[in-house]
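Enquirer: Pasted the sequence and its predicted model underneath.
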Amino acid sequence: MPFNHQKAVYTPSFDEAVRLILDAVSQRDSESVPLLDSLGRVTAVDVPAPWSTPRYDNSAMDGFAVRAPDCVPGAALPIRGYVPAGGTPTQPVGPGCAIKIMTGAPMPDSCDAVVPFEAAEEMNGAVRLKKPVSPRQHVRFRGEDIGAGDVIISEGHIIRPVDIGVLASFGNKTVVVYKRPNVAVLSTGDELVENAEDLGPGKVLDSNRWAIAAAVRECGAIPVMLGIARDDRQSHREKLQDGLHVDVLITSAGVSAGDRDLVREILAELDVRPVFRGVRVKPGSPTCFGLRGSTKVFSLPGNPVASLIAFEEFVKPALLKMMGHQRVLNPFLPAVLASDVRKSPGHAKLLRVRLEQREGMLSAWSAGKQDTGMQKTLLRADALALLPEGRVSFAAGEIVSVQLLNGAMAEVIEGVLLCIAPISSYGATETGAARSDMTSAVKIDCA
Ligand code: AMP
Ligand code: MG
């Protein structure tokens, strides 16, 4: 492993850097939040059902509650009363009789089946049945869905709308979830301006802070905008000090070998202990990671493409772990390299690629020029292909590992499904491919 003697800190490989970061972070404490605010958050406790559901036998259809054995073909059952949803049966339903019942209304004790309106004919205060009736038909029985004490949501689960619905159905007004870290985002550089009016010669608009803050927010953490530190020690010191009061500090730029790259030096003066300096991966090689107390400090490269890729690979897994997520690493999928690629030795390479589905496989095409200055290439990319450190040349047709970038997911999954399922099993519609029989392998009884 290369050793950075000057700074006496390792420059790890890509995998080692991720491991060092994940080893240094842990789940945050939990907090109770209002039900709706729990969307997308991770539960910190198991939530058991306080009672079984349905709480009472009830009708699954609008129709007539009956006793199944009374329902011989041709029978006409006198209708005795009406139970709306929210009501209760007010009189007993005697043998050979029926009661009009609405979906969700409690079943009268004596009835064991519901005949939907569509399967019955109402005439002169009686109901005539068009079909035979089986016991239990169209009845939802007490406790058949969720049992009292069953864990409805377990610790480590990401709350979705369906979970919120189930939690609401058991009267939960709040949910205990892992806390979200506050993440300070600082840009550095004398060339940076905030507004287009200030774009004099040699100036550029600060875009990293916005992109990084957006990425922080996208993974569920709370960005705190720290502004811009100028390339002097005083400005760096003030801004970095502010950022060390929060859970995570992310800086961009000023972390390479330039004579005004002050971030590492000032962080060291502020007692930030470096865990690593630089990573053997490009883009993102200047990335540094350090700790001061409970604050995690990520120093990302200045180049907008490199800083976002470094965020994706190094910061995001840490934030997800802090917020209680169980899957924190973006998984790698196999794809066929569409063209020959050469890279320099000594570091892994994350190639920005587009993915297409070709001959039953995902195929990875370069998304454009790979210099880190090319933002358009990242705008166009669906995925990052990881070319390992130990090799320099890769031939078209080789299988490489690709990691999907946000937003590419749906299209790629559709491509994968198309590879697995023959085209003919999709019913083509005007709006595209409609899945027809994707569940045929699993027997589902929905009579
Ligand atoms: P540095 O790491 O300071 O050498 O910066 C590398 C490149 O990234 C330079 O071209 C900078 O102008 C550019 N850069 C640095 N910070 C930002 C930022 N916040 N927004 C946009 N570009 C930046
Ligand atoms: Mg700079």
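Expert: Here it is on my side, so go on. Ligands and ions are numbered 1, 2, ... in the order given.

Enquirer: would you list every one of the strands in the stretch 151-300 of the chain?
Expert: Ranges of strands in the stretch 151-300 of the chain, per DSSP state E, counting those that start in this stretch, are 151-153, 174-178, 182-188, 192-193, 204-205, 222-229, 248-252, 273-277, 281-282, 288-292, 295-300.

Enquirer: how far does the second one sit from the chain's center?
Expert: With C-alpha atoms, centre = their mean, to the nearest Å as the basis, the distance from the averaged C-alpha position of strand 174-178 to the chain average is 17 Å.

Enquirer: CA atoms only for it - export them in CSV, please.
Expert: C-alpha atoms of strand 174-178 as CSV (Å, rounded to 0.1, in the frame of the first residue of the first chain):
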residue,chain,number,x,y,z
THR,A,174,-45.5,9.5,15.9
VAL,A,175,-42.7,7.1,14.8
VAL,A,176,-39.3,6.5,16.4
VAL,A,177,-36.6,6.9,13.7
TYR,A,178,-32.9,7.5,13.6
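
Enquirer: a markdown table for the strands of the stretch 151-300 of the chain, including mean pLDDT, mean neighbour count and distance to Ser307?
Expert: Yep, even glycine has a C-beta here, placed from its N, CA and C like the rest. A markdown table is the format used below for the strands of the stretch 151-300 of the chain (pLDDT from 0 to 100; neighbours: other C-beta atoms under 10 Å; distance: least, C-beta to C-beta, whole Å):
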| stretch | mean pLDDT | mean neighbour count | distance to Ser307 |
| --- | --- | --- | --- |
| strand 151-153 | 96 | 18 | 36 |
| strand 174-178 | 98 | 21 | 26 |
| strand 182-188 | 98 | 25 | 9 |
| strand 192-193 | 98 | 20 | 13 |
| strand 204-205 | 96 | 13 | 13 |
| strand 222-229 | 98 | 19 | 14 |
| strand 248-252 | 98 | 29 | 5 |
| strand 273-277 | 96 | 18 | 16 |
| strand 281-282 | 98 | 24 | 13 |
| strand 288-292 | 98 | 21 | 12 |
| strand 295-300 | 98 | 24 | 4 |
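
Enquirer: Make a markdown table from those and add distance to Leu35 to it.
Expert: Converted to a markdown table, these look like this (distance: least, C-beta to C-beta, whole Å):
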| stretch | distance to Leu35 |
| --- | --- |
| strand 151-153 | 12 |
| strand 174-178 | 6 |
| strand 182-188 | 23 |
| strand 192-193 | 41 |
| strand 204-205 | 40 |
| strand 222-229 | 20 |
| strand 248-252 | 27 |
| strand 273-277 | 38 |
| strand 281-282 | 41 |
| strand 288-292 | 35 |
| strand 295-300 | 30 |
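
Enquirer: what's the neighbour count on Ser110?
Expert: 15 (other C-beta atoms under 10 Å).

Enquirer: Enumerate every residue touching the residue in the stretch 251-400 of the chain that ligand 1 sits nearest to.
Expert: Closest approach between the stretch 251-400 of the chain and ligand 1, counting by C-beta to the nearest ligand atom: Gly302, at 2.5 Å. By C-beta atoms under 8 Å, 6 or more residues apart in numbering, the residues touching Gly302 are 188-189, 208, 252-256.

Enquirer: So which of the residues you listed would count as near ligand 2 as well?
Expert: Near ligand 2, taking C-beta under 5 Å from the ion as the test, the members of the contacts of Gly302 found are 189, 253-254.

Enquirer: Just among those residues, which is most surrounded?
Expert: Ranking the ones next to ligand 2 among the contacts of Gly302 using other C-beta under 10 Å puts Ala253 first, with 29 neighbours.

Enquirer: is it true that that residue touches Thr188?
Expert: Yes - Ala253 lies in contact with Thr188 (C-beta atoms under 8 Å); the separation is 4.8 Å.

Enquirer: between the two, what contacts are shared?
Expert: By C-beta under 8 Å, 6+ apart, the residues touching both Ala253 and Thr188 are 263, 302.

Enquirer: Can you say which helix or strand has the residue of the stretch 251-400 of the chain closest to ligand 1 in it?
Expert: Under the criterion of DSSP states H and E, Gly302 resides outside all helices and strands.

Enquirer: ok, and Ala318, which helix or strand is that part of?
Expert: helix 316-322.

Enquirer: could I have that helix exported to PDB, CA atoms only?
Expert: What follows is helix 316-322, C-alpha atoms only, in PDB (Å, rounded to 0.1, in the frame of the first residue of the first chain):
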ATOM      1  CA  LYS A 316     -23.300   9.100   1.000                       C
ATOM      2  CA  PRO A 317     -22.600   5.600   2.500                       C
ATOM      3  CA  ALA A 318     -21.500   7.300   5.700                       C
ATOM      4  CA  LEU A 319     -24.600   9.500   5.900                       C
ATOM      5  CA  LEU A 320     -26.800   6.500   5.200                       C
ATOM      6  CA  LYS A 321     -25.100   4.500   7.900                       C
ATOM      7  CA  MET A 322     -25.600   7.400  10.400                       C
END
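
Enquirer: what's the spacing between the residue lying closest to Pro135 once chain neighbours are set aside and Val114?
Expert: Distances taken as C-beta to C-beta, 6 or more residues apart in numbering place Ala68 nearest to Pro135, at 4.0 Å, with adjacent residues excluded. Note on Ala68: its distance to Val114, by C-beta to C-beta, to the nearest Å, is 10 Å.

Enquirer: Now list whatever residues contact both of the two.
Expert: Gln137.

Enquirer: In terms of packing, which of the two has more residues around it?
Expert: Set Ala68 next to Val114 and count neighbours by other C-beta under 10 Å: Val114 wins out with 28 against 15.

Enquirer: so what's the more buried one closest to, chain neighbours aside?
Expert: His138 (3.8 Å).

Enquirer: and His325, helix, strand or coil?
Expert: Secondary structure assignment for His325 (DSSP: H, G, I helix; E, B strand; the rest coil): coil.

Enquirer: For the residue nearest to it when sequence neighbours are not counted, give me its contacts.
Expert: Leaving aside its chain neighbours, His325 sits nearest to Val42 (5.7 Å; criterion: C-beta to C-beta, 6+ apart). When contacts are counted by C-beta under 8 Å, 6+ apart, Val42 is found next to 156-159, 177-178, 323-325.

Enquirer: repeat that with 10 Å
Expert: 27, 30, 155-159, 177-178, 180, 220, 320, 323-326 (C-beta atoms under 10 Å, 6 or more residues apart in numbering).

Enquirer: just Ser38 next, same as before
Expert: Residues near Ser38 by C-beta under 10 Å, 6+ apart: 32, 153, 158-159, 163-164, 167, 172, 174-177.

Enquirer: wait, which of those residues is closest to ligand 2?
Expert: Ile158 (37.5 Å; C-beta to the ion).

Enquirer: Leaving out sequence neighbours, find the closest residue to that closest one.
Expert: Spatial nearest neighbour of Ile158, excluding adjacent residues (C-beta to C-beta, 6+ apart): Val42 at 5.7 Å.

Enquirer: Right, I'll leave it there.
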